[in-house]
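J.: My questions concern the predicted model and sequence given below.
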Amino acid sequence: MNASVDKKALKLLAKYSSISQSYSRSIRPLEPHEQRWIDLRGFSTDEEFEYLKEQGLAFDSLDMEHDAAVQKCFEYAKQCKKPHVTDLFLSSFTAERLDFRSGFAPFAIMQTMPEHGFTKSSAPGYCAICSAAAVYTDMDPTDWNVDRYKYGSIGLLKVPYVIQFHLAQYLQLAQQKPTVNDFRIFNAILDILQSVDAKTKPKDLHKHLKRIEGFKATNDQCRVLVEALGIASILETEEHKGYLTRYINPGLAPSKSHSSDWAYPVDFWTGADGVNRKALAFWFGDYPEIRL
């Protein structure tokens, strides 16, 4: 079984910010906007960071090259088994462990991400295939871990550096079997996605999802869940497909409008598109408890 996570450590992780950490370590006087950021968000002391590391929630900064990150993505994705991923995803609804949900989208992206070396693009220093930089230095995996535990999210940057981290962390989670209530909640989610008004947009879904008995989620957590279902092709459109059948460079993926910051492809989804039953069956067809 998965050991419970230290509550003190979770509180410390929730307030962690790589930006605050960078400002707090500055040897020059801070600009007013930088000081305001620290005043608003606070920062983690060295003692707090060490405590987070002891609890397995914080990591030292690291450097990595593009090709090494891609290699790790495929290495970890091969080790991940779909039943492990889907069991954890479903178990997240009642276990109150959003990190159980966080590996679903990265694993879905790996269904079609091509093996590739760094490929020059029109944007100097960034890969034409995946939009990752040729080399990243001083990366902050602790920041990525905040996304895992606070939102169940892969975060904004869906590049191999981040994907390999999420898959590596997912592999450390023990098998977790969904409960009756997990299945009830997921079936209720699917019922909503298939019955909302045709004009319903992703931003409207949280109002419906939060009415589900036993489903505890903030607006941001609802959003991340919906985006993950899109990445997994369960919520997609005829024109804009998820990653189960087609890979699209995350950094170049289209958006519905210039002001939209929703992840592709759910950004284009409406209630009229409903649920892709083939994708749903691919991911959850082995669970007789789920109404396909």
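T.: Happy to help now that I have it. Residues are numbered from 1 along each chain as shown.

J.: can you tell me how far S153 sits from H84?
T.: 19 Å (Cβ to Cβ, to the nearest Å). (C-beta placed from N, C-alpha, C; glycine too.)

J.: Between the two, which has more neighbouring residues?
T.: S153 (24 against 18; other Cβ atoms under 10 Å).

J.: pretty sure the more buried one is in contact with F104, am I right?
T.: No - S153 lies out of contact with F104 (Cβ atoms under 8 Å); the separation is 10.3 Å.

J.: Overlap in contacts, these two.
T.: A228 (Cβ atoms under 8 Å, 6 or more residues apart in numbering).

J.: Quick one: residues contacting L205.
T.: Residues counted as contacts of L205 (Cβ under 8 Å, 6+ apart) are I192, L193, V196, C222, V226.

J.: Max pairwise distance over those: which two?
T.: V196 and C222 (13.3 Å; Cβ to Cβ).

J.: The two - which one has more neighbours?
T.: The residue with more neighbours, out of V196 and C222, is C222; 21 against 18, by other Cβ under 10 Å.

J.: Do I have it right that that one meets L209?
T.: Yes - with contact defined as Cβ under 8 Å, C222 reaches L209; the gap is 5.1 Å.

J.: And the helices in the stretch 51-200 of the chain?
T.: Here the stretch 51-200 of the chain has its helices, by DSSP state H, counting those that start in this stretch, at 66-79, 82-95, 104-109, 141-151, 160-171, 180-195.

J.: Figure out which of those is closest to I231.
T.: Going by Cβ to Cβ, the one of the helices of the stretch 51-200 of the chain nearest I231 is helix 104-109, 4.5 Å.

J.: How about residues contacting the closest one?
T.: With Cβ under 8 Å, 6+ apart, helix 104-109 has contacts from 77, 80, 82, 85-86, 88-89, 153-154, 158, 162-163, 166-167, 170, 227-228, 231-233, 242-244, 247, 250.

J.: Going by neighbour count, which of those are buried?
T.: Neighbour-count burial (16 or more other Cβ atoms under 10 Å) applied to the contacts of helix 104-109 gives 77, 80, 85-86, 88-89, 153-154, 158, 162-163, 166-167, 170, 227-228, 231-233, 242-244, 247, 250.

J.: How many neighbouring residues does the nearest residue to K15 once chain neighbours are set aside have?
T.: The shortest distance from K15 to any non-neighbouring residue, by Cβ to Cβ, 6 or more residues apart in numbering, is to G42 (5.7 Å). For G42, the tally of surrounding residues (other Cβ under 10 Å) stands at 14.

J.: Could I get the average pLDDT for stretch 5-16?
T.: Mean pLDDT, stretch 5-16: 92.

J.: In CSV, list the C-alpha atoms belonging to that stretch.
T.: C-alpha atoms of stretch 5-16 as CSV (Å, rounded to 0.1, in the frame of the first residue of the first chain):
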residue,chain,number,x,y,z
VAL,A,5,2.1,11.6,3.0
ASP,A,6,3.3,13.7,5.9
LYS,A,7,0.7,16.5,6.4
LYS,A,8,3.3,19.0,7.5
ALA,A,9,5.3,18.3,4.3
LEU,A,10,2.2,18.7,2.1
LYS,A,11,1.5,22.1,3.6
LEU,A,12,5.1,23.2,3.0
LEU,A,13,5.0,21.8,-0.6
ALA,A,14,1.8,23.7,-1.3
LYS,A,15,3.4,27.0,-0.6
TYR,A,16,6.6,26.2,-2.5
